[in-house]
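Asks: Give me the fold of what follows.
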Amino acid sequence: MKLQTNHLTKQFGAKTAVDDLSLTLTTGVYGLLGANGAGKTTLMRLLCGLQTPSSGEITLNGQRIAALGENYRSLLGYLPQHFAYYPDFSALDFLLYLAALKGLRETTARKRARELLKAVGLSEQTNHKIKTFSGGMKQRLGIAQALLGAPRILILDEPTAGLDPKERVRFRNLISAFSKDRIVILSTHIVSDVEFIAEEILMMKAGQIVQAGNPQEITAEIDGNVWEFVVPTARAEEYAAAFNTSNLRNTGSNATVLRVIADRPPVQNAVRVRPNLEDLYLFYFKGGTDR
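Replies: As a prediction, this is how the structure comes out:
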């Protein structure tokens, strides 16, 4: 399976949300990283056929998705950034309703719905009305509905918003197990959401992909530009404001370890360390290195 964008552009008046983007996606998990406003949601809506490109095209195995129509949509699972639901439906009834819209047989739908509710940790809330759910529970239900039709192409926009750390781990395990022989695109601005499950990172800025590759490959760009050093805790905020700081870690002895992206040692006692994905994210979205 090969999903491609060819010189894909989407404009909203004078603003270009997706800018002449050519991209090839095959089976695997892709982490789409970018700050708010980078164009991630627009790209995902274009891939789902919910918006029409201003120019360029999207193809699946060489065929335009616009021409494939329902045959393409039947392969999709989608969780939008703002998940809509019917508050007076129970979790099970909501999934069965969506399954009917997808054309699933009732016996298959009922079995699949219960399996997914268990997988996302909602089996005890099967018959509870959605309006009684917390934000995290609603988000887990949204993930379940995206997986309902066993889609070959799964597109998730900010899927872990509102999930606690335990739920995030459950989500990562679920996606890892589901992703075999499928295309999974996970959009977020939270690096940890994709760091452990994405086989390829797509870093998006101003409507373009500025980096693509596995985490080890793309972090090599800033190898040699990440430093750690210790400062008095009382002055930690002062130092953090002066540099492109990716992390602060208190040692418990009135000292704080700062992690900084800079093209030379930020202070005399700085030690060079191996970069990670969060460092690279800050390099692109918080002004590069500090000189």
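Asks: Can you tell me the closest non-neighbouring residue to Gly162?
Replies: Among residues not flanking Gly162 along the chain, Gly135 sits closest, at 4.0 Å (Cβ to Cβ, 6 or more residues apart in numbering). Placement of C-beta: from N, CA and C, glycine included.
Asks: just the strands in the chain please.
Replies: 3-12, 15-25, 28-33, 55-60, 63-64, 76-79, 153-157, 183-188, 200-205, 208-213, 226-232, 244-250, 255-261, 271-272 (DSSP state E).
Asks: What distance do you get for the residue nearest to Gly162 to Leu8?
Replies: Between Gly135 and Leu8 the distance is 33 Å, computed by Cβ to Cβ, to the nearest Å.
Asks: Quick one: neighbours of the closest residue to Thr256 other than its chain neighbours, just the number.
Replies: Leaving aside its chain neighbours, Thr256 sits nearest to Ala236 (4.0 Å; criterion: Cβ to Cβ, 6+ apart). Using other Cβ atoms under 10 Å, Ala236 is surrounded by 19 other residues.
Asks: Over to Gln81?
Replies: By other Cβ under 10 Å, the residues close to Gln81 number 14.
Asks: Report the contact partners of it.
Replies: Residues in contact with Gln81 (Cβ atoms under 8 Å, 6 or more residues apart in numbering) are 41, 157-158, 161.
Asks: And the helix or strand of the chain with the lowest mean pLDDT, what's buried?
Replies: For the chain, counting by mean pLDDT, DSSP states H and E, helix 192-195 ranks last in confidence among helices and strands (a mean of 79). For helix 192-195, a neighbour-count test (16 or more other Cβ atoms under 10 Å) marks 193-195 as buried.
Asks: which of those residues lies closest to Ile261?
Replies: Glu195 (16.9 Å; Cβ to Cβ).
Asks: now what about the least confident helix or strand of the chain, what contacts it?
Replies: With Cβ under 8 Å, 6+ apart as the criterion, helix 192-195 contacts 29, 31, 33, 159-160, 168, 172, 186, 188, 201, 215, 276-278.
Asks: Same question for stretch 3-11.
Replies: Under Cβ under 8 Å, 6+ apart, the answer for stretch 3-11 is 16-26, 39, 42-43, 46-47, 51, 53-60, 153, 183, 207.
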